[in-house]
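Q: Return a 3D structure for these sequence lines:
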Amino acid sequence: IQIDVNALPTISITGLDEICKNDTAYLNLTLSGTPPFTLELNGIINSYNNLNNMLAVMPNSTTTYKVSFVSDIFCLNDSNKTHSIIVNPLPTPIIEPEFYEIYPGEEISLSAEEYSHYWWYSNDSLISENKILIADSNLTTYLVVEDEKGCIGISEVARVEYIARVELFIPNTFTPNNDE
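A: Below you'll find the model as predicted:
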């Protein structure tokens, strides 16, 4: 009698530890054993035919992925492998002031909270990469920012309206019957 002893199948699970909301992350699933493989990942049964597999995930909040078991053609092995992905929120920049009226010779500084990078746009064209934007004429703008985690956020639109001064001429002499 010949008894074959097969090694238990194993799995390792790796990937990015941190992403921004709405980003896709990839879990690297490395298996050992004899394919095909079946595994339970967060309560869902998945099948794989390869030793190295990538699984795209898009968590909305911080999530831990847990492999409960892995099996190959010969054996089943309980697993307690986990991988957590932290999901960072997107920044929400607010331009101050949101609306402003300026007159000839005036200017206004538009700004937002503290971020790592700033991109000011008008009509979808980049106009500045400074933290503060100085406006001295009509302007409709929005701000794209990047925070310290590398997450990108977009502001609502802000407007600056230029109002021309009206000069009113008042004569210094006046007579009721238009004589001079």
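Q: who does the longest strand along the chain pair up with?
A: Under DSSP state E, the strand in the chain containing the largest number of residues is strand 76-88. Strand 76-88 sits in its sheet next to strand 18-20 (parallel), strand 63-71 (antiparallel), going by DSSP bridges.
Q: The helix or strand following the shortest one relative to strand 76-88, how many degrees between them?
A: Downstream of strand 18-20, the first helix or strand assigned by DSSP states H and E is strand 25-32. With axes from the mean of the first three to the mean of the last three Cα atoms, to 10 degrees as the basis, strand 25-32 and strand 76-88 are set at 160 degrees to each other.
Q: ok now strand 25-32, how far from the chain's centre?
A: From the chain centre to the centre of strand 25-32 is a distance of 24 Å (Cα atoms, centre = their mean, to the nearest Å).
Q: For beta bridges, what are the partners of the nearest residue to G150 once chain neighbours are set aside?
A: Leaving aside its sequence neighbours, G150 sits nearest to C20 (Cβ to Cβ, 6 or more residues apart in numbering; 6.7 Å). C-beta here means a position set from N, CA and C on the backbone, and glycine is covered the same way. Beta-bridge partners for C20, by DSSP bridges, are N88.
Q: any low-confidence regions in the protein?
A: Applying pLDDT under 70 to the chain picks out residues 169, 171-180.
Q: what about the helices in it?
A: Assigned by DSSP state H, the chain shows no helices.
Q: related to what we said a few turns ago, nearest to G153, out of the strands paired with strand 76-88?
A: Nearest of these to G153, taken as Cβ to Cβ: strand 18-20 at 9.3 Å.
Q: residues of stretch 100-112 that come out buried?
A: Within stretch 100-112, the residues that count as buried by 16 or more other Cβ atoms under 10 Å are Y100, I102, L110, S111, A112.
Q: now, which of these sits nearest L126?
A: Set against L126, the nearest of the buried residues of stretch 100-112 by Cβ to Cβ is L110 (14.9 Å).
Q: wait, doesn't that closest one sit right on A158?
A: Yes - between L110 and A158 a contact is recorded at 6.1 Å, counting by Cβ atoms under 8 Å.
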